[in-house]
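Visitor: Sharing a model prediction with you, sequence too.
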Amino acid sequence: MLLLETTVPTFTLIWFLLVAVLWIGYFFLELFDYGVAMLIKLLGKDDKEKRVVVNTIGPLWDGNEVWLLTAGGAMFAAFPGWYASLFSGLYLPLLLVLIGLILRGVAFEYRSKHHTSQYRSMLDWFAAIGSFLPALVFGVGFANFVSGLPNDGKLWNGNFFGLFMPFALVGGLMLVAIALFHGSAFLALKTSGVIHDRAKAFGSKVGLVALALTAIFVIWQNVAYPAKSEFGNFSAITWTTGLLTIVLMGLAVLMVTKERDGWAFLLTGLSIVTLFVGIFFKMYGNIGFAQDESVDVMQRLNMVTAASSETTLQIMTVAAVIFVPIVLAYQGWSYWVFHKRISTKSIPDDVETAA
Amino acid sequence: MDPVTLARWQFGITTVYHFLFVPITIALSMLVAVLQTIWVRTGQERFLQLTKFFGKLFLINFALGVVTGIVQEFQFGMNWSEYSRFVGDIFGAPLALEALLAFFLESTFIGLWIFGWDKLPKKLHLATIYAAAIGTMLSSIFILAANSWMQNPVGSVFNVGTQRAEIDGVSGFFALFTNPVFIATFLHTLTAAYMVAGGLICGIAGWHLARANGRVRDGQLGEADAHIDTWRWATKFGAWVMLVASVGVIISGDLQAKAIAQTQPMKLAAAEGLFETKTNAPFSILTIGDREATEAVFELSVPGLLSILAGSDEVKGINELDERFKQEGYFMADEGRQKLQEQVYQAVKDGTISPEIQKSYMDVSYRPDIIVSYWTFRIMMGLGFVAMAIAAFVLWSLRKGRNPLPSKLITFAAFALPLLPLAANSFGWIFTEMGRQPWIVVGVLPTATAVSPTVSVGEVLFSMIVYTLLYGGLAVLEVWLFLKYVKKGLPEVGPVEVNDDPDKPMSFAY
C-alpha cells in the first residue's frame, strides 16, 4: 500500500491496526459514557431524573471501559517498547487517568446503595470528575502523539509541562467537548420525556463547541504535523479524514436539532472514528514518538523496534481472530437487551428492595 | 528512599489491596450462581433471597476489585518500564488475553446480570452470572500464568539482538500453562478464594441465624422464624464450602511446596529459615534467628517433614545456595536451569547483556528477606488452619438441629471466618513475591534493574500517597456499605418475570 518507504513486517502492521481499532473502539464507546456521567448533575434536576441519566449507561459502561484495558494489554503484548516508554514517560498524566477511572468506577454501583442526597451528590461528582479527567488527558495525550513525544531513541525525555502546548490544550478541550456531545446524543437516543428534551437542547449547543474545537484541531494537525515520514506519506488521507470529521460532526449537530436521535448518535460516533483514524495514520510508524531520521531506523523507538517477536504476534493474531468477533457479538447483544428508551416512569422508586 | 524500594512499596500496597477483593470476586460470583441455580431448579423463594442478598455483597466488593485492577495493568508500564520492555514478548500476551477473554466476559455479563432480572428469561439470566463467574476464573488463569512465569521462566529464550526475553516458539506459549508452578498456584489460589467466600457466607449467615434465633426466643415470631431455616441452610453451605476448599488448599499447597522446592530452592530455604543444607530436613514450626538472620539460635521443629514436603531427601540451605549462586549463577534444586536462565547467565558471563543487568546480576545478594519469608509463610498456614477449625466448629455446633443464640463469640466468628483466610491470602502473596527477591524474574532479571528510569522518586512518592489516600477512603466507603447490607438481612422478593412495558418501572435500576 501507500508509499511504504520503510518496510514493516506484516504482523507488526496487523497489530498496529488492531491497537488502533481497540483505541478507536474505546473512544467510540466510552466517550459517550464519559459524557453521560458528566451530565448527571447538569441534566437531572431531581434524583429520579439523575437516575434516568445514570441508568442509560448502568449496564454498559464497564464493558466499554474494557476496550481501554484491552488496548493497553495489546500494546504490552504486541509492542512492549511502546507500552514501556509511553506508560513510564507519561507517568503523571496516566496517574490522573487512573484516579478518574477509580472514582467513576465506584460511582454508579455505589450511588444506588445509599439514599441521602449528600451521598449521591458526592458520587455524582466522582462520576463527573472521573469522566472529565480521562477525556481531558487522552485529548492532551493524543495531541502530543501527533506532534511526536521527545525521546532519546528509547525513553521519553521531555518535561511534564512541555505536554501542555497550545495544540495539546485544544486536543484536551476538544475531547471533553466531544464526550459531552456524544454523551448528550446518546442520552437523547436512550431516553424519553424531560431528560430527552434537555439532552437535545444541551447537545445542540455543545455540539457547536465540539465542532469548532475539532475543526481547529484537525486543520492544525494537518498543517503543522502532516502525516508524512519515512514510513509513508499519508497526508492526503489525514486531510480527507480530518475534513470528513468536520462534515460528520456538522451533520450530527444538524440531526440533533432535527431530533433525528439515531442519526445524531451514529454521526457523532462516526466523527470520532474518522478523527482517530486520522490520528493513527499520523502515528503510523512513529507510534507517537519523535523520530530523528539521521539515526538508523533500527536504533530508534518506533513501530518496528517496539514490536514483539513474530511468534508472539502470530499467536496473538490467532487469539484475536477467534475472540474479537465473539466479544463483539455478546457486547452487541447486551446493547440490544438494553435498547429501550427509559424515562422517569421506568425508574422504580426504591432501589433497596430490588436486587 | 531509592526509586526501586519505593516502586516496590507501591506495587506491594496496591497489589495487596487489590487482592482483598479478588478472592471474593472469584469465588462468590460462582457461589451466587450456585444459589441462583438452586432457586431456578426448586422455585423456593428463600434461594432467590439468598441469591440477591449475597449478590449485592458480591457487587459492592466487585466494584472495588475492578477499579483497583486497572491500576495493576497500568503499573507494569508506569513503574516497571524496563521489566515490561524485557519481558513483554512473553509476559504481555497473557495480560492481553486476560483483557480480551476475561475482562470483557465478566464486565458485560455482570451488567446483564444486574439489570437483566426483568429483561431476560430465567435460564438465560442464570447463564449470565455463570458467564461472569467463568470470566473471573479465566482472569485468574492468565494473571497467574504470568506471575508463575516470573517465578519459573519457562518457554522463553534470550535474544541478544533485542536484549529481551522472547517466546520460545508456539510451544513456549503453551509452556506458560503447563508450568508446574502455575498449575499448583492456580489450584492453591482458587481453593483459597473459596475458603474466603465460604467463610463469608458461613460467617454472615451464622450471625443472622443467631439473631433470628434470639428473636424467636424473645417471642418475636413471624419473619424471624421464617428466616431461621434459610440462614441455617446458608451457614452450613458456607461452612462446607470452606472445609472442602481447605482440603483443596492443603493438597495444592503441598504441590506448590514441591514446585517451589525444585524451581526456587532459595525461597523454600528462606520459608523454612533453613540456613544449612540438611538431609532428612526438619520442618520448622518456630525458629528464632540471630540478629543478622544468618543462623538459628532456637528451633522447634518436626524431624524429616520438610524433606517429605519438598519431595527430596536433601534440602539445600540458604548459606550453601548463596555461596554457590555467587560462583555458578542461579540454578534450580536439580542444579539445572530453564533455557532463559541459562542464556541470560551465559550473556552475563560473556558480557553480551546490558552492563546494568550484568553488574546487578553479579553483585546481587541472593538472600530474600529471610524474616519476612519465614513469618509470612507461617502466618499464612496458621490463619488457614484456624479458619478451617472454626468452620468445623460451626458445623459441630449446628448438629442435630441446634441453633446458636447471639453472643460475642458468634460476632467474633462472623468476622474471623472470612477475614482469617483473606489475611492468609495476603500473607501468602507477600511470601510468594518477597521470597522471589532479589529477582523480578527468577534467575534472569534482578528487581533493581526493572524500574522506570524516567520516573522520579518524587513522582512515585506522590502517586503512592495518592493511591493510599484514595484506597483508604474507598475502603471506608466499601466496608460501610458492605456492613450496611449485611445488617439489612434478606431482601423482600417479588415475582420475577420479563417486563416489556417501557412505562412500567424496571425491577432494578441504579
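Guide: Received the coordinates, thanks.
Visitor: quick one: low-confidence ranges for the chain?
Guide: Answering for chain A, as no chain was given. Along chain A, the parts satisfying pLDDT under 70 run over A:1-6, A:351-355.
Visitor: Chain B is the one I meant
Guide: In chain B, residues with pLDDT under 70: B:221-224, B:288-297.
Visitor: Where does it get nearest to chain A, which residue?
Guide: When distances are taken as Cβ to the nearest Cβ, chain B reaches nearest to chain A at B:Gly88, 2.3 Å away. Using the backbone N, CA and C atoms, a C-beta is placed for each residue, glycine as well.
Visitor: Once you drop chain neighbours, what's closest to B:Thr136?
Guide: Computed as Cβ to Cβ, 6 or more residues apart in numbering or on different chains, the closest residue to B:Thr136 that is not its neighbour in sequence is B:Ile26, at 4.7 Å.
Visitor: In terms of helix, strand or coil, where does the one you found fall?
Guide: Per DSSP: H, G, I helix; E, B strand; the rest coil, the secondary structure class of B:Ile26 is helix.
Visitor: Enumerate the residues of the stretch 101-250 of chain A near chain B.
Guide: Proximity of the stretch 101-250 of chain A to chain B (Cβ under 8 Å from any Cβ of the partner chain) is limited to residues A:101-102, A:105-106, A:108-114, A:155-157, A:192.
Visitor: if we go to 6 Å?
Guide: A:101-102, A:105-106, A:108-109, A:111-113, A:155-156 (Cβ under 6 Å from any Cβ of the partner chain).
Visitor: can you put those in TSV and add neighbour count, distance to B:Phe158 and secondary structure?
Guide: Shown next, in TSV, are those (neighbours: other Cβ atoms under 10 Å in any protein chain shown; distance: Cβ to Cβ, whole Å; DSSP: H, G, I helix; E, B strand; the rest coil):
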residue	neighbour count	distance to B:Phe158	secondary structure
A:Leu101	21	36	helix
A:Ile102	23	37	helix
A:Gly105	25	39	helix
A:Val106	22	43	helix
A:Phe108	24	46	helix
A:Glu109	21	45	helix
A:Arg111	25	50	helix
A:Ser112	21	52	coil
A:Lys113	22	51	coil
A:Leu155	19	21	coil
A:Trp156	23	26	strand
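Visitor: Counting neighbours, what do you get for residue 63?
Guide: Looking at chain A here, since you left the chain open. Other residues near A:Gly63 come to 26 when the count uses other Cβ atoms under 10 Å in any protein chain shown.
Visitor: That was the other one, I meant chain B.
Guide: Other residues lying near B:Ala63 total 25 when counted by other Cβ under 10 Å.
Visitor: I'd say it and A:Val106 touch.
Guide: Yes: counting by Cβ atoms under 6 Å, B:Ala63 touches A:Val106, with 5.0 Å between them.
Visitor: Between the two ends of stretch B:87-107, what distance do you get?
Guide: Using Cα to Cα, to the nearest Å, the span of stretch B:87-107 from its first residue to its last is 28 Å.
Visitor: Not counting it itself, show me its contacts.
Guide: The contact list for stretch B:87-107, computed with Cβ atoms under 6 Å, 6 or more residues apart in numbering or on different chains, reads A:62-63, A:66, A:69-70, A:73-74, A:76-77, A:80, A:308-309, A:312, A:316, A:319, A:323, A:327, B:131-132, B:135-136, B:138-139, B:142-143, B:145-146, B:156, B:165-167.
Visitor: Also stretch B:240-258?
Guide: By Cβ under 6 Å, 6+ apart, stretch B:240-258 touches B:184, B:187-188, B:191-192, B:194-195, B:198-199, B:202, B:309, B:311, B:388, B:391.
Visitor: Cross these against helices and list the overlap.
Guide: The helices in this structure, assigned by DSSP state H, contain B:184, B:187-188, B:191-192, B:194-195, B:198-199, B:202, B:309, B:388, B:391 from the contacts of stretch B:240-258.
Visitor: Highest neighbour count among those residues?
Guide: B:Gly199 (34 neighbours).
Visitor: Please list the residues of the stretch 251-355 of chain A that sit near chain B.
Guide: Residues of the stretch 251-355 of chain A lying near chain B (Cβ under 6 Å from any Cβ): A:308-309, A:311-312, A:315-316, A:319, A:323, A:327, A:330-331, A:334, A:337, A:340, A:345-348, A:353-355.
Visitor: try 7 Å
Guide: A:308-309, A:311-312, A:315-316, A:319, A:323, A:327, A:330-331, A:334, A:337-338, A:340-341, A:345-348, A:351, A:353-355 (Cβ under 7 Å from any Cβ of the partner chain).
Visitor: Mind giving me the ChimeraX command for buried ones among those?
Guide: Selecting only the buried entries of these in ChimeraX, with 16 or more other Cβ atoms under 10 Å in any protein chain shown as the criterion:
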select /A:308,309,311,312,315,316,319,327,330,331,334,337,338,341,346,347,348,351,354,355
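Visitor: Can you report how many residues lie near the residue in chain A that chain B sits nearest to?
Guide: Chain A approaches chain B most closely through A:Pro80 (2.3 Å), counting by Cβ to the nearest Cβ. Neighbourhood size, A:Pro80 [other Cβ under 10 Å]: 30.
Visitor: Fine by me, we can end here.
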